[in-house]
Each structure stands twice: as C-alpha cells, then as structure tokens.
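Participant: sequence unknown, structure follows:
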C-alpha cells in the first residue's frame, strides 16, 4: 500500500492532482475541481492511504467509482475559523473577545512597542534572498528548539525540518505560503509560517523568543495573521492539529483528521487491509482505552500521580538596604546585557521591563564581581534585584 500525506501532496509538492478529481470544502464553500495529473491511472489501480485528511474536506479520488473498498479512521482533532461568516476583522474580534480582553491585547501591543523598537513584516509573493530566508529559518528553528527543550517536549515540525525549509522559500514566492515576522531592533522575536491553498490558510508552525514570554507575542501575532486573512479575502483560517486553549478561543469549529484507505480490489490483494486494520486498532481501540483508563486512574484520589513541579529559575526582589547604598555610591559595576553569559539574565531583564514599562534603551544592569547569580536592574525610577536559583551560565 502506498502511503501519502494528504497535506504534503496538497500544500507542499502540489501533486494533489495526481490523486484527486475534486475537493469539496464544506459546508458553505464550493467544490474545487482539480485538473488531472500525469499519475491519474497509476494511483487509481493501487491500494493507497492518505493521512491527515481533514473531514471538512471531501476528496473525490481517482478511481473512486463506488466499487473500491474505502474506509477512514479518525486520528486527532483540529480547528478552524470560517472567515466568511463575518463582515470583517472588527466584527470577528467583537464576536470572539470581550471588550475587556480586546483592551488587554491592545495594551499588550502598546507596551511591547513602547519598550522595544518593534517592526512587523510579512512575506507573501516575494523572492526572499538566501541570507534573509536562511536567517529567518535558523531563528525559527532555534526558537522552537529552545522552548520545547525547556518544556521537555518534541515539536512535530522539527521531524522533517530539512524538507520544510527546502520548499518554504519557493512556496512564499508562489503565494502558496506566507511568513509573518515580528522584529525587535531588526532581530526576529516571533515567526509564523502558514501554507496557502485556494481560499484557505493553514497555520503550520510558529515560534517566539522565550526571553519575550511576558509580552503575549502569541496573541499579538495571532490577531495579525487573522486580520491578514480577512484583508486578503480568505474563507478559512485553519489552526491545524491540536485544540489548545488559544485556538479554541478563536475557532468556529473543530474537526477530525482522518487516515483514508482506498483498496481497488480486496479479493486480489487482501493483505492491503492490514494497514487499515492496524490503524483502526491503534486509534479506535488502543488510544480510546488508554484515555478512559487515564481518566479512571486520575479520578482515584489515593493513587500516586506524576506531577512535574514548575521551578522558578529567578526571583525579582527589592535590594537590601546595604545593596541600595552600594548601588547609590556606584560601587556596583554595570554589565552589558548582550554579552553577559548568564543563560536567564535577559529573560529576567525583560520581565523587569514588562513590569516597570521601562524602554530597553533606558535599562541599566549591574552585577557584583564574583557573584554569578545576583544582578540589579534600574529603570523608570525603580530598582530590582534578581537572584537566580537552579540555573547555570550558558
């Protein structure tokens, strides 16, 4: 059985015409005809499986004449915004967010722009230079890697990163992808990469500099992306896999990804049923039982539970009287935030900037010689001491 990623054929390689005659985007959008490809008859004669097919897309595959064996298995959930339901971006925001939440997001954006020299850019239908593209992709990978290493998790986008960056610049130039970037002083601090097909946008991957974790970059970027989708008359903004809280906040509908199995002749090739049976046992039986047992286990109060404690790596506090005197007498030397090697110093400094609304150019950082884990921040008439715990220099 030949195994295909439906999204890779549709969005990346552009080979969906070798597999489908049409795709119906429902319930309120049109049927999109697909021009026939060179492999039309080849894929019609062999057993195939197509993975990650969202169930709001109804694909009519080549060779699907009602006589073939077809089955699908639900894999996991996704969610999307049906942009066509709204009169525009402002209408959408008013429907999705309370006035208080809208005010908080606007305030977060103003705060970010007050503290840092922020610029916003998107790349769509443009030829990016080698240096610009490679620099952005390198930064995006570093952002994702650092964040997920701290969370002790793996990110699926990193599994096929080389193939991703191979196609990315081509797709951007052909308006089959768009990249959004938030810059601080010319350096990317948030990057999002979305695929584009017909009137649909697929939010594939995003990453941010964890030093800016207090500044709500995810919400700021999310609204920039959605507004862009409205302005360019797209009909669906798909968040793809996973139903995290921030996605559900904006989504109109959830859906299931499916693995779709097509076998032209079971009698001639009964072994082709094995991949479908294996997939069904895994997702329909095993994962369902695992989920139910998990709910049962965690519902029994006396059974031991594994809960990872969140450990703070630094603490912002008021300097002692003696430390304040030493700072006032200039007995504590300044240090350069950009060159000081402590792994979490910049994150703590940006936390101070966020709390005090101090512009980055007005920040002063002091360090006690021989003390690797104690620093002082001054800005906007305030002084704070930062003491690091359970952390190392980078």
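Facilitator: On my side now, so go ahead. Because the structure is predicted, anything quoted here is derived from the model rather than measured.

Participant: Got the domain ranges for this structure?
Facilitator: 2-77+255-292, 80-253, 314-388 (automatic domain parsing).

Participant: Quick one: mean pLDDT over the longest one.
Facilitator: This points to domain 80-253. For domain 80-253, mean pLDDT is 94.

Participant: quick one on the thing from earlier: as CSV, the domains of the chain with mean neighbour count would be great.
Facilitator: All C-beta atoms are positioned from the backbone trio N, CA, C, and that covers glycine. As requested, the domains of the chain are arranged in CSV below (neighbours: other C-beta atoms under 10 Å):
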stretch, mean neighbour count
domain 2-77+255-292, 16
domain 80-253, 16
domain 314-388, 16
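
Participant: can you pull out the strands in the stretch 151-300 of the chain?
Facilitator: Ranges of strands in the stretch 151-300 of the chain, per DSSP state E, counting those that start in this stretch, are 177-184, 187-197, 200-208, 236-241, 253-263.

Participant: Out of those, which gets nearest to residue 75?
Facilitator: Closest to residue 75 of the strands of the stretch 151-300 of the chain is strand 253-263 (C-beta to C-beta; 4.5 Å).

Participant: From the chain's centroid, how far away is the closest one?
Facilitator: Centre-to-centre, strand 253-263 and its host chain are 22 Å apart (C-alpha atoms, centre = their mean, to the nearest Å).

Participant: Give me the contact list for that strand.
Facilitator: 1, 6, 47-56, 59, 61, 63-64, 68-80, 82, 241, 243, 248, 269, 272-273, 275-276, 279, 283 (C-beta atoms under 8 Å, 6 or more residues apart in numbering).

Participant: If we use 7 Å, what do you get?
Facilitator: With contact meaning C-beta atoms under 7 Å, 6 or more residues apart in numbering, strand 253-263 is reached by 47-56, 61, 68-80, 82, 241, 243, 269, 272-273, 275-276, 279.

Participant: Within its sheet, name the partner strands of the strand ranked longest in the chain and how each one runs.
Facilitator: Counting residues, the longest strand found in the chain (DSSP state E) is strand 69-82. On the basis of DSSP bridges, the sheet neighbours of strand 69-82 come out as strand 236-241 (antiparallel), strand 253-263 (antiparallel).

Participant: Let me see the contact set for residue 148.
Facilitator: Listed by C-beta under 7 Å, 6+ apart, the contact partners of residue 148 are 154-155.

Participant: run the last query once more with 10 Å
Facilitator: 154-155, 157-158, 207 (C-beta atoms under 10 Å, 6 or more residues apart in numbering).

Participant: Which residue of the chain lies farthest from its centroid?
Facilitator: In the chain, counting by C-alpha atoms, centre = their mean, residue 329 sits farthest out from the average C-alpha position, at 47.5 Å.

Participant: pLDDT value on it, please?
Facilitator: Here the pLDDT value assigned to residue 329 is 90.

Participant: And the strands paired with strand 69-82: which comes nearest residue 94?
Facilitator: strand 236-241 (16.9 Å).

Participant: how big is the angle separating the closest one from strand 187-197?
Facilitator: 110 degrees (axes from the mean of the first three to the mean of the last three C-alpha atoms, to 10 degrees).

Participant: so strand 236-241 versus strand 200-208, what angle?
Facilitator: Going by the same axes, to 10 degrees, strand 236-241 makes 50 degrees with strand 200-208.

Participant: Just give me how far strand 236-241 sits from the chain centre.
Facilitator: 11 Å.

Participant: From residue 286, how far out is residue 259?
Facilitator: 14 Å (C-beta to C-beta, to the nearest Å).

Participant: the inter-axis angle of the longest helix along the chain versus strand 177-184?
Facilitator: Counting residues, the longest helix found in the chain (DSSP state H) is helix 130-151. If you take the same axes, to 10 degrees, helix 130-151 sits at 80 degrees to strand 177-184.

Participant: In space, what's closest to residue 224 - neighbours in sequence excluded?
Facilitator: Nearest non-adjacent residue to residue 224, counting by C-beta to C-beta, 6 or more residues apart in numbering: residue 180, 6.1 Å away.

Participant: Identify the bridge partners of the one you found.
Facilitator: residue 122, residue 192.

Participant: Turn the strands of the stretch 151-300 of the chain into TSV, columns for distance to residue 108.
Facilitator: What follows is the strands of the stretch 151-300 of the chain, written out as TSV (distance: least, C-beta to C-beta, whole Å):
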stretch	distance to residue 108
strand 177-184	12
strand 187-197	13
strand 200-208	13
strand 236-241	21
strand 253-263	27
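
Participant: Mind checking these for the one nearest to residue 360?
Facilitator: strand 177-184 (8.2 Å).

Participant: what residues are up against residue 214?
Facilitator: 108, 111-112, 347, 350-355 are the contacts of residue 214 under C-beta under 10 Å, 6+ apart.

Participant: For residue 322, state which of these is nearest.
Facilitator: The shortest approach to residue 322 among those belongs to residue 352, at 20.8 Å (C-beta to C-beta).

Participant: And the helices in the stretch 201-350 of the chain?
Facilitator: 217-231, 245-250, 273-280, 287-298, 321-328, 345-356 (DSSP state H, counting those that start in this stretch).

Participant: and the domains of the chain as CSV, adding distance to residue 300?
Facilitator: Below are the domains of the chain laid out as CSV (distance: least, C-beta to C-beta, whole Å):
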stretch, distance to residue 300
domain 2-77+255-292, 13
domain 80-253, 26
domain 314-388, 36
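
Participant: For residue 304, find the nearest of these.
Facilitator: Of the domains of the chain, nearest to residue 304 by C-beta to C-beta is domain 2-77+255-292, at 18.3 Å.

Participant: which residues does residue 365 bridge with?
Facilitator: Under the criterion DSSP bridges, residue 365 forms beta bridges with residue 377.
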